[in-house]
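A.B. asks: model the following, please.
(chains A, B, C and D)
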Protein chains: 2
Amino acid sequence: MRDIEDRSIPFLMHLITGQVEELVNKWARPLGLRIEGVRVLFRLLAGDRTVNEVARLTGVELSTLSRLLTRMEGMGLIARRRDAADGRSVIISLTAKGRKLALQHQPVYFKDYETILMKGFSPEEARHVRDLIVRMLDNLEQSGADPISALNGAGNRRASA
Amino acid sequence: MRDIEDRSIPFLMHLITGQVEELVNKWARPLGLRIEGVRVLFRLLAGDRTVNEVARLTGVELSTLSRLLTRMEGMGLIARRRDAADGRSVIISLTAKGRKLALQHQPVYFKDYETILMKGFSPEEARHVRDLIVRMLDNLEQSGADPISALNGAGNRRASA
DNA sequence: TCCATTTAGTTGCAAACGCAACAATTGAAT
DNA sequence: ATTCAATTGTTGCGTTTGCAACTAAATGGA
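C.D. replies: Numbering: from 1, shown residues only, chains lettered A, B, ... in the order given. Below is the predicted model:
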């Protein structure tokens, strides 16, 4: 940490999220998942969702998610069913196996990583951090793009050498 | 923002960094770069570095970086030369073209994105945010892995000036 | 009703990714 | 000096990614 020269907030946050995701990836690997899959799993624990909703709520790009869901379907963790009310939508739900897996690991995901991060923070400080971060998200929102969909690069890639 | 259910610090940070990187990607696209390349460029502005150091300091995985450097070399932005002192290392430096490009865009990268993020923050609050974030990074460091190299996976360390 | 538009989701494709294996070099131990 | 271990950087390989194009279904307007 001490030898990092770039101390800009965006870069420091990049380091934090990068490392947390790395930790989650390592942890989730034996389950055959990575962080995106983990996020999907726990999101579905709160209730069935359409593909679009899951994408929005987890910050996974739609086409990426579609393929991720295919993999998770193959693993027997989730099920797809077409929405009777709207034939365009596909509703994603956990299978018994997926639910069991999610419930089993829920505490780790929802507590452990935040606990590591916030060690030594008083409750007020923790609350303060959350407030500040939400303000940053609001700033981003005002500055242009939708904070969620922009996550996936709602549009760009290309150009190389 | 308001309809996001997961308000855990790691996830909120994921949203922030994701969006900032998206913005930088959009901005850097006309330059033929994306955020990783931009980080490399500005890092080298502070002085020549070995591939390993660049990887460490920017949080780009080594093999990814190696290929990125090949692309940037092809664009005429950077140069590779073998370290005379240690035949294993390869020293990366900016070409005149790369330096010009970096200098030209330095203000945008180092100021604008942080400015967007921190809009409405008082100087004390901004300082506070940085302190809190550094504490988080220290927590991660203590929890096991090296915050920089852990970004990718495997790693190594080395102090710098 | 008919047709244009919008929305949901999937898939084709090329680029990028990360892990692991590798060669080259250095360091350390004996 | 010899050998074994560790480090640096690159590459092989299979996976994943994101954009764009596409199908199918719903919606709105005339």
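A.B. asks: which residues in chain A form strands?
C.D. replies: Under the criterion DSSP state E, chain A contains strands at A:49-50, A:78-82, A:90-94.
A.B. asks: ok, the shortest one near DNA strand C or not?
C.D. replies: In this case it means strand A:49-50. Yes - remark: strand A:49-50 sits within contact range of DNA strand C at A:Thr50, by Cβ under 7 Å from any atom of the strand. C-betas here are computed from N, CA, C, even on glycine.
A.B. asks: near chain B at all, that strand?
C.D. replies: No - residues of strand A:49-50 are not located near chain B by Cβ under 8 Å from any Cβ of the partner chain, the shortest gap being 10.7 Å.
A.B. asks: for that strand, name the packing helices and strands.
C.D. replies: With contacts defined as 3 or more Cβ pairs under 8 Å, 6 or more residues apart in numbering or on different chains; DSSP states H and E, the packing partners of strand A:49-50 are strand A:90-94.
A.B. asks: for chain A, what helix or strand is lowest in average pLDDT?
C.D. replies: Across the helices and strands of chain A, mean pLDDT, DSSP states H and E gives its lowest value to helix A:113-117, namely a mean of 81.
A.B. asks: figure out how far that one is from the centre of its chain.
C.D. replies: 16 Å (Cα atoms, centre = their mean, to the nearest Å).
A.B. asks: how about residues contacting that helix?
C.D. replies: A:Ile16, A:Val20, A:Leu23, A:Val24, B:Ser8, B:Ile9, B:Pro10, B:Met136, B:Asn139, B:Leu140, B:Ser143 (Cβ atoms under 8 Å, 6 or more residues apart in numbering or on different chains).
A.B. asks: of these, just say which sits nearest to DNA strand D.
C.D. replies: A:Val24 (12.9 Å; Cβ to the nearest atom of the strand).
A.B. asks: not counting sequence-adjacent ones, nearest residue to that closest one?
C.D. replies: A:Ile35 (4.6 Å; Cβ to Cβ, 6 or more residues apart in numbering or on different chains).
A.B. asks: and that neighbour, how many neighbours?
C.D. replies: 22 (other Cβ atoms under 10 Å in any protein chain shown).
A.B. asks: how near is it to A:Leu103?
C.D. replies: According to Cβ to Cβ, to the nearest Å, A:Ile35 and A:Leu103 sit 18 Å apart.
A.B. asks: equivalent analysis for A:Gln142, please.
C.D. replies: 38 Å.
A.B. asks: tell me which residue of chain A lies closest to DNA strand D.
C.D. replies: Counting by Cβ to the nearest atom of the strand, chain A gets nearest DNA strand D through A:Gly87, at 2.6 Å.
A.B. asks: state the pLDDT value of that residue.
C.D. replies: Per-residue pLDDT puts A:Gly87 at 94.
A.B. asks: then A:Lys100?
C.D. replies: As summarised for this prediction, A:Lys100 has a pLDDT of 93.
A.B. asks: can you pull the poorly scored residue ranges out of chain A?
C.D. replies: Chain A contains residues with pLDDT under 70 at A:1-5, A:109-111, A:143-161.
A.B. asks: residues contacting the closest residue in space to A:Met72 that isn't next to it in sequence?
C.D. replies: Using Cβ to Cβ, 6+ apart and skipping residues adjacent in sequence, the residue nearest A:Met72 is A:Ile78, 4.8 Å away. By Cβ under 8 Å, 6+ apart, the residues touching A:Ile78 are A:Val40, A:Leu41, A:Leu44, A:Leu69, A:Met72, A:Ile92, A:Ser93, A:Leu94, A:Thr95, A:Gly98.
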